[in-house]
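Asks: sharing a model that was predicted from the sequence below.
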Amino acid sequence: MTAYLLKRLIIALATLVLASMVVFAVLEIIPGDPARLMLGLNASADQVEVLRNQMGLNAPLALRYLHWAGGLLSLDFGRSYTYSVPVIDLVRERVVVSLPLALIALALSTIIAIPVGLYSASRRGQAGDTIAMGATQFGVAVPNFWFALMLIYLFAVWLRLVPAGGFPGWSAGVWPALKSLLLPSVALALPQAAILARVARSALIEVLNEDYIRTARAKGLPYRAVLWRHALRNAMIPVLTILGLQFAFLLAGTIIIENVFYLPGLGRLVFQAITQRDLIVVESVVMLLVAAVIAVNLIVDLSYAVVDPRLRSRQ
Amino acid sequence: MSLLEIENLSLAIGDTPILKAVELSVAPGEVMGLVGESGSGKSMTALTVMQLLPFAARASGRVSFDGIDILAASEDQMCALRGDDIGMVFQEPMTALNPVKTIGEQVAEGIRWHTRSSRAEAEERARKMLDRVDLPAALFPLSRYPHELSGGQRQRVVIAIACALKPKLLIADEPTTALDVVLQAQILDLVRDLVAENRMGLLLISHDLAVVTEMADRITILRHGEVMEAGDTARTLSEQLHPYTRQLAQASMHVPARPKAHGAGQGKPLLEVEGVTRDYPGRRASLFKRAAPVRAVDEVSLSMAPGQSVALVGRSGCGKSTLARMILALDKSTSGTIRFRGETITGKSETELKPARRDMQVVFQDPYGSFDPRQKVEKLVAEPLHVLEKKPTPAERREMVAHALHEVGLGPRDMDKYPHEFSGGQRQRLSIARAIITRPKLVVADEPVSALDVSIRAQILDLFAELNQKLGIAYLFITHDLTVARAITDEVLVMHDGRIVERGKTSEVLDHPQSEAAKALVAAAPDLHRAIARRLQEQG
């Protein structure tokens, strides 16, 4: 067990280091000089050169990488080129919007997907299954921003239950803040839930054909008990895998959704930073997102071991 | 008064009829053997009694258990019966237990459900039941998971689940088919004792006449969903009045004719194995430490003459398949030498092995799993041809495939079919065709008939014998089934814990075994003659 945990942890850290190199390298080769961008078009070559030296842009590549990576470790992300404030301050402001948004969406998609998968698997081929799977097909096919627009129209414009966009800040109280995150997280969760429900259904159907399900039925357990006690836990392994993989898409989804709902989150920050060539902000936020994805997948790996005793004893 | 009474039971799945007017009864304390080949409807009869049939199945007729009309019973009534009054044991112990739950949870679950007792009480009863099936607490605490148990141990857990509440009827569907003969004898003894202790009725389903004869008071023989014959076991099988009964009995004892004997001492040996050992790395104890390596094959030496047929017998896990893989150069030995036609094959590269590969082929146990379902027979049978020196033209290739198919009793038209269009026996013919297409000198057959019904098995054994006579192919049969060894081999090697512990002429070793391992195998092997004789004797 400890060997398994240690191995997963080492793999996660190695992935993080590798990812940081890739992120750094990609932004290195993108055209566009941040120094020139900051000084404007009329600046002379000498002025640009001076600023480049000040910003450390002329140092050797490896040195700049180490400097940057070392900064990340001590939470010193550098200063934003455009806002001229420490990147960490920008991130801190935004993460309190994006993190709850992603977590609520992840929770919502799981809460929707598992019951739908159970329902469909236990009524395989019947009308209820066909309708549910038709709905998930729709959910997979339709992009989340369209859902977002429809939700705004229905709940904000027509029913006037929630605001159509913007974020009052947590200082305005928990409920108003949550209320403004509600529609965005539903819009984010629906396509994810649709995929997850389909995975859960097929995993359950496969498990329901296993011999041990028949053994459980032969014990006299009713079908529902067999489904919950025996099938669900075995079907969790593929569901967890997809859940981990989806988290990356969920983060990518926040960039779009935050723009649709005018939420001051990391997604909007990175989007603006890209258009303004604020590379240091882009690098930092991307690294943060990478770290989040790796952390979630590490948690998924660890939860495999919780679900499956065979993984615990294999060392 | 019968405990279970099946009258005029017919069953169809969709439009396919499965059972036709089946009659069967089990009295309290009685053992009823239900015998038939695959697809005869044995399991479906059992699942009808449990009402665990596939959704599309429709049953008609009457099934009454202890005064309850099963076909009319509600799902709630059935749940109350299943696991309480009717227990069931299944064929495949490796997959019959939930891998994510402990054996304690799985045994206690049914007890808690039916008796509404507390967790502690249920666990105490589960513990007693596991002790009863010889899984003592010291070695098998309730917290064990199924993957930590062997196949025989898992089947004991399944039996504990089925018998935990002392059911009136136990249904055992091929409970020992997946186990080796020694384990089979142990499990059958256990079932027999449990049934006698609690005066349970037992419906024992098996394709093995010898097993059923040893166990059952009465026997019902099923074919294509119809009862062929039913009655007292000893009388039915000793008189063999029904032609199908006779056919089954003869097929299960079939010995193919092989007039030309091949033996040792005829010129150079074909295969020589000298002091071969295979170690597998031990389990990792921690990140930096491993347990001592496991020795699967230990200093084995043997030699085979051209055209000779040799059986390698032993219990599951004794290392016989590992040895076979090394002979086929599919696995590397840790030490020792293997020579084939005088040439050393150990330590050779794949290119250097090509000429040897041409002359040795393999037939596997599972005729379903060993073919790619998306390829046509022509391609599948022609697979070994890539080891030939000269690549045959497409026309030559078709000709060779047609010839090989002809030799195994299939037609040239079968070339354009897919594997799923063939029955199990025909598929095993296909694997044999694939093995002989390069005209090999040696065929290694790993349990080639153990997945087949007795009548098909007799035909396949005949085919092996015929090819041995006609083409002079030598065989190494790997099996735990002594009847196969007796039917078709000249010599037998008995393997135990990685070593060859006994060798000699097949009839001598099987009739007068010397080593403990061989004695245990022979004593445990079900034998129809012996079983009938014993039954007749018991009845006077």
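Replies: Now that the structure is in, tell me what you want to look at.
Asks: alpha carbons only for contacts and neighbour counts from here, please
Replies: Noted.
Asks: ok, B:I13 - contacts?
Replies: Applying C-alpha atoms under 8 Å, 6 or more residues apart in numbering or on different chains to B:I13 gives the contacts B:P54, B:A56, B:A57, B:R58.
Asks: change it to 6 Å
Replies: B:A56, B:A57 (C-alpha atoms under 6 Å, 6 or more residues apart in numbering or on different chains).
Asks: would you mind measuring from it to chain A?
Replies: Distance from B:I13 to chain A, counting by C-alpha to the nearest C-alpha, to the nearest Å: 16 Å.
Asks: bridged to that residue, which residues?
Replies: Beta-bridge partners for B:I13, by DSSP bridges, are B:T16, B:A57.
Asks: write out the residues of chain B neighbouring chain A.
Replies: Applying C-alpha under 6 Å from any C-alpha of the partner chain, we find that chain B lies next to chain A at B:C79, B:R82, B:G83, B:T95, B:A96, B:L97, B:N98, B:V100, B:G110, B:L287.
Asks: wait, isn't the third one in contact with A:K219?
Replies: Yes: the pair B:G83 and A:K219 passes the contact test of C-alpha atoms under 6 Å, sitting 3.9 Å apart.
Asks: roughly how far apart are the closest residue to A:V285 other than its chain neighbours and A:R277?
Replies: Closest residue to A:V285 apart from its sequence neighbours, by C-alpha to C-alpha, 6 or more residues apart in numbering or on different chains: A:V270 at 6.5 Å. Using C-alpha to C-alpha, to the nearest Å, we find A:V270 at a distance of 10 Å from A:R277.
Asks: hmm, back to that, quick one: secondary structure of the residue nearest to A:V285?
Replies: Secondary structure assignment for A:V270 (DSSP: H, G, I helix; E, B strand; the rest coil): helix.
Asks: now for it, how many residues are close by?
Replies: By the measure other C-alpha atoms under 10 Å in any protein chain shown, the count of residues near A:V270 is 21.
Asks: before we move on, what about A:I256?
Replies: Using other C-alpha under 10 Å, the number of residues around A:I256 comes to 18.
Asks: close to chain B: what parts of chain A are there?
Replies: Within chain A, the positions lying close to chain B (C-alpha under 6 Å from any C-alpha) are A:A3, A:D211, A:Y212, A:A218, A:K219, A:G220, A:D308, A:P309.
Asks: neighbours around residue 118, how many?
Replies: Unless you meant another one, I'm taking chain A. So A:L118, with other C-alpha under 10 Å, has 24 neighbours.
Asks: um, chain B though
Replies: A count of nearby residues for B:S118, using other C-alpha under 10 Å, gives 12.
Asks: check contacts around it.
Replies: So B:S118 contacts nothing (C-alpha under 6 Å, 6+ apart).
Asks: and if you look at B:F65?
Replies: Residues counted as contacts of B:F65 (C-alpha under 6 Å, 6+ apart) are B:L3, B:L4.
Asks: mind listing the residues bridging to it?
Replies: Assigned bridge partners for B:F65, using DSSP bridges, are B:L4, B:I68.
Asks: next one: B:M495
Replies: B:I500.
Asks: B:V363 versus that one, what's the distance?
Replies: 20 Å.
Asks: again, but for B:E214
Replies: For B:E214, the distance to B:V363 - C-alpha to C-alpha - is 31 Å.
Asks: neighbour count winner among those two?
Replies: B:V363 (24 against 20).
Asks: how is chain B divided into domains?
Replies: B:97-166, B:271-283+B:290-534 (automatic domain parsing).
Asks: in a markdown table, list those domains along with distance to A:T241 and mean pLDDT.
Replies: Below are those laid out as a markdown table (distance: least, C-alpha to C-alpha, whole Å; pLDDT from 0 to 100):
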| stretch | distance to A:T241 | mean pLDDT |
| --- | --- | --- |
| domain B:97-166 | 17 | 94 |
| domain B:271-283+B:290-534 | 27 | 89 |
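Asks: secondary structure class for the closest residue to chain A within the stretch 401-540 of chain B?
Replies: For the stretch 401-540 of chain B, the residue closest to chain A is B:A451, as judged by C-alpha to the nearest C-alpha, at 18.7 Å. Per three-state DSSP, the local secondary structure of B:A451 is coil.
Asks: now do it against B:E226, distance only.
Replies: Note on B:A451: its distance to B:E226, by C-alpha to C-alpha, is 23 Å.
Asks: what of B:R258?
Replies: 36 Å.
Asks: those two: which is more packed in?
Replies: Neighbours around B:R258 and B:E226, counted as other C-alpha under 10 Å, are more numerous at B:E226. The numbers are 20 against 16.
Asks: my guess is the more buried one contacts B:I18. True?
Replies: No: the criterion here is C-alpha under 6 Å, and B:E226 misses it with B:I18 at 8.9 Å.
Asks: list the residues that contact both of those two?
Replies: With C-alpha under 6 Å, 6+ apart, B:E226 and B:I18 have no common neighbours.
Asks: residues touching B:M44, list them.
Replies: Contacts of B:M44 by C-alpha under 6 Å, 6+ apart: none found.
Asks: mind checking which helix or strand the residue of the stretch 301-450 of chain B found nearest chain A is in?
Replies: Going by C-alpha to the nearest C-alpha, chain A is nearest to B:G369 of the stretch 301-450 of chain B, at 17.8 Å. Assessed by DSSP states H and E, B:G369 sits outside every helix and strand.
Asks: give me the phi and psi for it.
Replies: Here is the backbone geometry of B:G369 (degrees, to the nearest 10): phi -90, psi -10.
Asks: and it, how many neighbours does it have?
Replies: B:G369 has 9 nearby residues by other C-alpha under 10 Å.
Asks: and A:A248, by the same measure?
Replies: A:A248 has 17 nearby residues by other C-alpha under 10 Å.
Asks: got a list of what it touches?
Replies: For A:A248, the contact set (C-alpha under 6 Å, 6+ apart) comprises A:V293.
Asks: ranges for the strands of the stretch 151-300 of chain B?
Replies: B:169-173, B:201-206, B:218-223, B:226-232, B:271-280, B:294-304 (DSSP state E, counting those that start in this stretch).
Asks: now those strands as TSV including distance to A:S84?
Replies: Converted to TSV, those look like this (distance: least, C-alpha to C-alpha, whole Å):
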stretch	distance to A:S84
strand B:169-173	77
strand B:201-206	81
strand B:218-223	87
strand B:226-232	88
strand B:271-280	62
strand B:294-304	65
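Asks: figure out which of those strands is closest to A:L103.
Replies: strand B:271-280 (46.1 Å; C-alpha to C-alpha).
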